[in-house]
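Chemist: build me a model from this:
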Amino acid sequence: MPSRATLRIALRMRALFTVSIVAAFALSIPASGQIAQERVDLDAVLRIRQEGLERSQIPELAHHLTDVIGPRLTGSPGMKAANEWTAATLRMWGLTGVEIEPWGRFGRGWENVAYEGRVLTPYSQSMPGQASGWTGSTKGTITAPVLVVEGGVDSIAKYGTKLRGALVLATPPRATAPEFRDYERRTPLDSLLAPANQRPEARIGWDTLLVKIQKQQAHRDSLLSAASVAGVITGSGSPYGTIRGGGDWSATNPDAPIPVPTIVIAQEQYNEMYRNIMSGVPVKVQLNVQNRFLTDDLNAYNTLGDIRGSDKAEEYVMIGAHLDSWHYGNGATDNAAGSIVMMEAMRILKTLNLHPRRTIRIALWSGEEEGIYGSRGWIKNHPEMTPKISAYLNLDNGTGKIRGIWDQSNEKAVPIFEQILWPFRDLGVVAVRRGNTGSTDHVSFDDVGIPGFNFIQDPIEYGLRTHHSSADVYDHLMLDDLKQAAVVVAATAYELANRDEMFPRK
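Modeler: Numbering: from 1, shown residues only. Below you'll find the model as predicted:
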């Protein structure tokens, strides 16, 4: 028998939904003046809330993916372990069609084996840092002078042989000013409800952009190699000793030369080195960087699994997040958070033995950080799925609770989501925003005409501290926020799967 507290919640939800849905209609009536009413299953919503908020497995999932498996660069042993663990977990929960599926050739993998750094002069100090992805190794432990390349790498030829055997600084110092202003960790209500920018989205030609970046990186690598430098030192760009970086995507090509080692150090220490060198004070560093390139399998993989539908089983609602990460932390907020939320949403639906009309499919993508490759590759490999997918839901903006969803310039999506999400207003879900958000896997679906959507989340410290940084670890996950997100995702996917009609295309 449900508790009195549970019954009170159920009655309050019914009252809120019945009375207040009229307000939602008033906010979202299109120009035609007609609106379809969604048959929201409030009994299922209540059960989903109970399971997800009272018996969540979010903490256990987060611990294993971050603390045990760790960082998950595409093509790395960590990524392989994550694919295998997620597939095994989905099978254990009873999902069908679970598969670790190759989406195509990614290139060679990479992992850091060892790093040791120390500044020797002008005074002895440790040099905490990390190797930048897909860069090479030093020849054991080296001791080398540090020199500044004024004008950046493109001006390196003018130095002749002066840089041979040196570690170089190729970018100017960056300010690390105190954070005097307060940053919003929770999105203010007026910001969520404010009109979004209605300008058309500027479409990014991903293939063109990625080729351009890789050509720039390859050009940089060739100049550094020709100058016979021992390596490159870069600043993290973040304050307070945080290490933040990326990688050399051009070096995923197994036919490309291995770049010179590049390391990322604290911005404050980088700035100190730069000031000393420019004022005539010699800087010398002792460094050992050992990285490993992996070429046994040049493919990369996604994890997929289904809750099979009933009378509309050949149509799909998909939910997903990218499973890969950078290596500076252990990829907690980017994007173990989204991955475990989507896994937990599937667990909730399966545990409750809910029977959606359409098949609900989870996809955990790889290759997102290098160019949204995993989701794009899957769509390219499965053209037969395009007309069958009703909608795709994505989560990839950190650890904050869900506050709403973007309509991705699909006006017909607004009243649908407003009705489906209305029972979660007491959990902070308040906005269906008109406009676009990009740079993650829902774009792959949107680009081919499949309704693809990304949830709006509270920022917490995502852009400020954790994104692609050494601070992206379990300790900075907001577990209660992720429990809320899993409940919202599970209910949204379930309601979309039970609609009479497919989700409207734009």
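
Chemist: how far does the one helix or strand His219 maps to sit from the chain's center?
Modeler: His219 belongs to helix 206-226 when elements are defined using DSSP states H and E. From the chain centre to the centre of helix 206-226 is a distance of 23 Å (CA atoms, centre = their mean, to the nearest Å).

Chemist: what pLDDT, on average, does the next helix-or-strand element following it get?
Modeler: Downstream of helix 206-226, the first helix or strand assigned by DSSP H and E is strand 231-235. On average, the pLDDT along strand 231-235 is 98.

Chemist: ok, stretch 366-376 next?
Modeler: Mean predicted lDDT for stretch 366-376 stands at 96.

Chemist: please work out which residues outside that stretch touch it.
Modeler: Residues outside stretch 366-376 that contact it (CB atoms under 8 Å, 6 or more residues apart in numbering) are 72-74, 79, 83, 103-104, 106, 206, 210, 246-247, 249, 252, 300-302, 320, 322-326, 335, 363, 365, 377, 396, 439-441, 443-445. Where C-beta positions appear, they are placed from N, C-alpha and C, glycine not excepted.

Chemist: from those, list just the buried residues.
Modeler: By neighbour count, with 16 or more other CB atoms under 10 Å, those hold 72-74, 79, 83, 103-104, 106, 206, 210, 247, 249, 252, 300-302, 320, 322-326, 335, 363, 365, 377, 396, 440-441, 443-445 as buried.

Chemist: so which of those residues sit within strands?
Modeler: Those of the buried ones among the contacts of stretch 366-376 mapping onto strands are Trp103, Gly104, Ala300, Tyr301, Asn302, Gly320, His322, Ala363, Trp365, per DSSP state E.

Chemist: out of the residues you listed, who's nearest Met273?
Modeler: Checking those against Met273 by CB to CB gives His322 as the nearest, at 34.8 Å.

Chemist: tally of neighbours for the nearest residue to that closest one once chain neighbours are set aside?
Modeler: In space, and not counting its chain neighbours, His322 is closest to Glu368: 3.4 Å by CB to CB, 6 or more residues apart in numbering. Neighbour count for Glu368, taken as other CB atoms under 10 Å: 26.

Chemist: for Val448, see how far away Glu368 is.
Modeler: Distance of Glu368 to Val448, given as CB to CB, to the nearest Å: 17 Å.

Chemist: on that earlier part again, could I get the ones in strands among the buried ones among the contacts of stretch 366-376 as TSV with distance to Thr234?
Modeler: TSV is the format used below for these (distance: CB to CB, whole Å):
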residue	distance to Thr234
Trp103	31
Gly104	31
Ala300	26
Tyr301	31
Asn302	31
Gly320	32
His322	25
Ala363	34
Trp365	28
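
Chemist: pull the most distant pair out of those residues.
Modeler: For those, with distances taken as CB to CB, the pair at the greatest spread is Gly104 and Gly320 (17.1 Å).

Chemist: okay, and Ser390 sits in which element?
Modeler: strand 389-394.

Chemist: list of residues touching the helix or strand following that strand?
Modeler: Next helix or strand after strand 389-394 toward the C-terminus (DSSP H and E): strand 402-406. With contact meaning CB under 8 Å, 6+ apart, strand 402-406 is reached by 187, 192, 393, 395, 417, 421, 424, 428-437, 453-458, 484-485, 488-489.

Chemist: ditto for stretch 339-349
Modeler: 48, 51-52, 56-58, 61-62, 65, 86, 89-90, 93, 95, 305, 307, 319-323, 356, 360, 362, 364, 395, 482-483, 485-487, 489-490, 493-494.

Chemist: in strands, which of those appear?
Modeler: Those of the contacts of stretch 339-349 lying in strands (DSSP E): Gly305, Ile307, Ile319, Gly320, Ala321, His322, Ile360, Ile362, Leu364.

Chemist: of the residues you listed, which is the nearest to Gly152?
Modeler: Of all the ones in strands among the contacts of stretch 339-349, His322 has the smallest distance to Gly152: 31.6 Å, by CB to CB.

Chemist: tell me the contacts of that closest one?
Modeler: Applying CB under 8 Å, 6+ apart to His322 gives the contacts 335, 338-339, 364-369, 374-375, 396, 440-441.

Chemist: how about low-confidence regions in the stretch 51-200 of the chain?
Modeler: For the stretch 51-200 of the chain, applying pLDDT under 70 flags the ranges 180, 196-200.

Chemist: what about the spatially closest residue to Gly109 that is not a sequence neighbour, how many neighbours?
Modeler: In space, and not counting its chain neighbours, Gly109 is closest to Gly75: 2.8 Å by CB to CB, 6+ apart. Other residues near Gly75 come to 29 when the count uses other CB under 10 Å.

Chemist: correct me if wrong: Gly75 contacts Arg108.
Modeler: Yes. Between Gly75 and Arg108 there is a contact under CB atoms under 8 Å: 6.6 Å.

Chemist: shared neighbours of these two, which are they?
Modeler: Thr252, Leu294, Leu298.

Chemist: so what does the second one have for phi and psi?
Modeler: This points to Leu294. phi -120, psi 120 (degrees, to the nearest 10).

Chemist: what is the burial count for it?
Modeler: Per other CB under 10 Å, the neighbour tally for Leu294 reads 17.

Chemist: list the contacts of it.
Modeler: In this structure, Leu294 makes contact with Gly75, Ser76, Pro77, Arg108, Gly109, Trp110, Glu111, judged by CB under 8 Å, 6+ apart.

Chemist: let me know the closest of those to Pro145.
Modeler: Closest to Pro145, out of all of the contacts of Leu294 and judged by CB to CB, is Trp110, at 27.6 Å.

Chemist: give me the packing partners of the regular element (helix or strand) spanning the closest one, helices and strands only.
Modeler: Using DSSP H and E, Trp110 maps to strand 109-121. Applying 3 or more CB pairs under 8 Å, 6 or more residues apart in numbering; DSSP states H and E, we find strand 109-121 packed against helix 77-92, strand 125-126, strand 129-131, strand 262-265, strand 284-294.

Chemist: which one of these lies nearest to Ala177?
Modeler: strand 262-265 (18.9 Å).

Chemist: quick one, phi psi at the residue of the chain most remote from its centre?
Modeler: Residue farthest from the centre of the chain, counting by CA atoms, centre = their mean, is Gly280 at 42.8 Å. Main-chain dihedrals, Gly280, degrees, to the nearest 10: phi 90, psi 10.

Chemist: how much space between it and Ala36?
Modeler: Gly280 sits at a distance of 73 Å from Ala36 (criterion: CB to CB).

Chemist: now Glu150
Modeler: 63 Å.

Chemist: return the distance of the strand holding Trp110 from the chain's centre.
Modeler: Here strand 109-121 is found 26 Å from its chain centre; the criterion is CA atoms, centre = their mean.

Chemist: quick one, that strand and strand 231-235 angle?
Modeler: 80 degrees (axes from the mean of the first three to the mean of the last three CA atoms, to 10 degrees).

Chemist: dump the contacts of His322 into a markdown table; add distance to Ser238 as well.
Modeler: Below are the contacts of His322 laid out as a markdown table (distance: CB to CB, whole Å):
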| residue | distance to Ser238 |
| --- | --- |
| Asn335 | 19 |
| Gly338 | 22 |
| Ser339 | 24 |
| Leu364 | 28 |
| Trp365 | 26 |
| Ser366 | 26 |
| Gly367 | 25 |
| Glu368 | 21 |
| Glu369 | 17 |
| Gly374 | 27 |
| Ser375 | 28 |
| Asp396 | 20 |
| Thr440 | 21 |
| Asp441 | 25 |
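
Chemist: which pair of those residues spans the longest distance?
Modeler: Gly338 and Gly367 (15.0 Å).

Chemist: more neighbours: the two, which one.
Modeler: For Gly338 versus Gly367, neighbours defined as other CB under 10 Å are more numerous around Gly338 (32 against 27).
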